[in-house]
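>>> just coords:
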């Protein structure tokens, strides 16, 4: 079924409200519900029984609902995974204020929820076969029990080819159904969730990422990642780049981009690299340039390694206001020559 038909009535009303309000999306509490889940509660050691007092118990319950989890990948100067960091090696701040690490784990067993977005516009003509092969292999290798993934294709429309499932056979069949659109800019389009404007008929990259995050990932828990295979050239979306980024941030997701950028693949280098960098940096993801089938395979290997080699650190924000504002996060490692990859912020709960 088409993702663009799932929420047509709702989204048109929501978009109208958004425009009328001057571009401010309603705040929500996805950061607390999506990533403050069960893992910290089961893993954090309980204090000694004799220290527990009734008022403290009540306060603990309140704080557990605002725990902020940050997934971190660490690499050395040779780009190798660093797997021996300890809790004391991490420093974390929110809006410039140091935070106390309350939870730490380096063997992350929390399930992964993946959104695989495949560009099927004409610029992907030379690479679609390689995308199908490597994406299928990636899902078979990276997915474990309780992991889920969905497959979305986008060109002049956005299609949900497979909703969230653990079945890699279903996902592979969905990937194999992707095909290059024969409609160029200005051609006929299928009416969908987002009202069509003057740019109807182009590549709806921003719309696809928004719908994947806002309509699908936002209600999922645990680690969430969007993997986009595209030249990142948007020529038809009704929403903006910032709308797509914000939707991912509100869903507590991460965007990884496999940037198809080699001229032998029949694509051009326009605004794509800048768009890819903006999306990945603002959500804590990575951009990997792809210029051949071999480099595409390597790119998927890098993403797979990072998803299975993360630390998770959690903290209770010193700013306890439930105002729905965006809070900037900065993670530092007290070890030279180690680089970290982590999300740059989150949206606080709203009352």
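Looks like it came in fine. All of these numbers come straight from a predicted model, not from anything done at the bench.

>>> may I have the distance across stretch 166-181, first residue to last?
Criterion C-alpha to C-alpha, to the nearest Å; first-to-last residue distance in stretch 166-181 is 28 Å.

>>> what mean pLDDT does it have?
What stretch 166-181 shows for mean pLDDT is 95.

>>> how far off centre is it?
Distance, stretch centre to chain centre, for stretch 166-181: 20 Å (C-alpha atoms, centre = their mean, to the nearest Å).

>>> buried ones in that stretch?
168, 171, 172, 174, 175, 178, 180, 181 (16 or more other C-beta atoms under 10 Å). For glycine as for every other residue, the C-beta is placed from the backbone atoms N, C-alpha and C.

>>> got phi/psi on the closest residue to residue 350 other than its chain neighbours?
Spatial nearest neighbour of residue 350, chain neighbours left out: residue 324 (3.4 Å); criterion: C-beta to C-beta, 6 or more residues apart in numbering. Dihedral angles of residue 324 (phi, psi; degrees, to the nearest 10) stand at phi 70, psi 10.

>>> isn't residue 324 right next to residue 250, touching?
No: with contacts counted by C-beta atoms under 8 Å, residue 324 stays clear of residue 250, the gap being 9.7 Å.

>>> so for those two, which sits in the more crowded spot?
Between residue 324 and residue 250, counting by other C-beta atoms under 10 Å, residue 250 is the more crowded of the two (24 against 18).

>>> ok so, going back, so which of the buried residues of stretch 166-181 sit within helices?
168, 171, 172, 174, 175 (DSSP state H).

>>> in space, what's closest to the third one - neighbours in sequence excluded?
The spatial neighbour of residue 172 that comes closest, neighbours along the chain excluded (C-beta to C-beta, 6+ apart), is residue 136 at 4.5 Å.

>>> distance of the one you found relative to residue 227?
13 Å (C-beta to C-beta, to the nearest Å).

>>> who's more crowded, the two?
Taking neighbours as other C-beta under 10 Å, residue 136 and residue 227 compare with residue 227 leading, 24 against 19.

>>> which secondary structure elements does the one helix or strand the more buried one maps to contact?
Residue 227 is part of strand 223-230, with elements assigned from DSSP states H and E. Applying 3 or more C-beta pairs under 8 Å, 6 or more residues apart in numbering; DSSP states H and E, we find strand 223-230 packed against strand 112-119, helix 205-211, strand 254-260, helix 293-307.

>>> orientation of it relative to helix 293-307 in degrees?
170 degrees (axes from the mean of the first three to the mean of the last three C-alpha atoms, to 10 degrees).

>>> mind putting the ones in helices among the buried residues of stretch 166-181 into CSV with distance to residue 310?
As requested, these are exported to CSV (distance: C-beta to C-beta, whole Å):
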residue, distance to residue 310
168, 21
171, 22
172, 25
174, 26
175, 25
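
>>> format the buried residues of stretch 166-181 as JSON lines; extra columns: distance to residue 118.
Converted to JSON lines, the buried residues of stretch 166-181 look like this (distance: C-beta to C-beta, whole Å):
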{"residue": "168", "distance to residue 118": "16"}
{"residue": "171", "distance to residue 118": "12"}
{"residue": "172", "distance to residue 118": "13"}
{"residue": "174", "distance to residue 118": "9"}
{"residue": "175", "distance to residue 118": "7"}
{"residue": "178", "distance to residue 118": "5"}
{"residue": "180", "distance to residue 118": "10"}
{"residue": "181", "distance to residue 118": "12"}
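
>>> between those residues, which is closest to residue 311?
Checking these against residue 311 with C-beta to C-beta, the nearest one is residue 168 at 26.7 Å.

>>> helix, strand or coil: sort out the residue lying closest to residue 248 once chain neighbours are set aside for me.
Of all residues not flanking residue 248 in the chain, residue 213 sits nearest, at 4.5 Å (C-beta to C-beta, 6+ apart). Residue 213 falls in the helix class when you classify it by DSSP: H, G, I helix; E, B strand; the rest coil.

>>> tell me who's in contact with residue 213.
Going by C-beta atoms under 8 Å, 6 or more residues apart in numbering, residue 213 touches 115, 226, 244, 247, 248, 250, 251, 253.

>>> pLDDT value on the residue lying closest to the second one once chain neighbours are set aside, please?
Leaving aside its chain neighbours, residue 226 sits nearest to residue 115 (4.4 Å; criterion: C-beta to C-beta, 6+ apart). Turning to residue 115, the model gives it a pLDDT of 97.

>>> neighbours of residue 115, how many?
The burial count for residue 115: 27, using other C-beta under 10 Å.

>>> name whatever forms a beta bridge with it.
residue 150, residue 226 (DSSP bridges).

>>> any idea how far residue 248 is from it?
For residue 115, the distance to residue 248 equals 10 Å [C-beta to C-beta].
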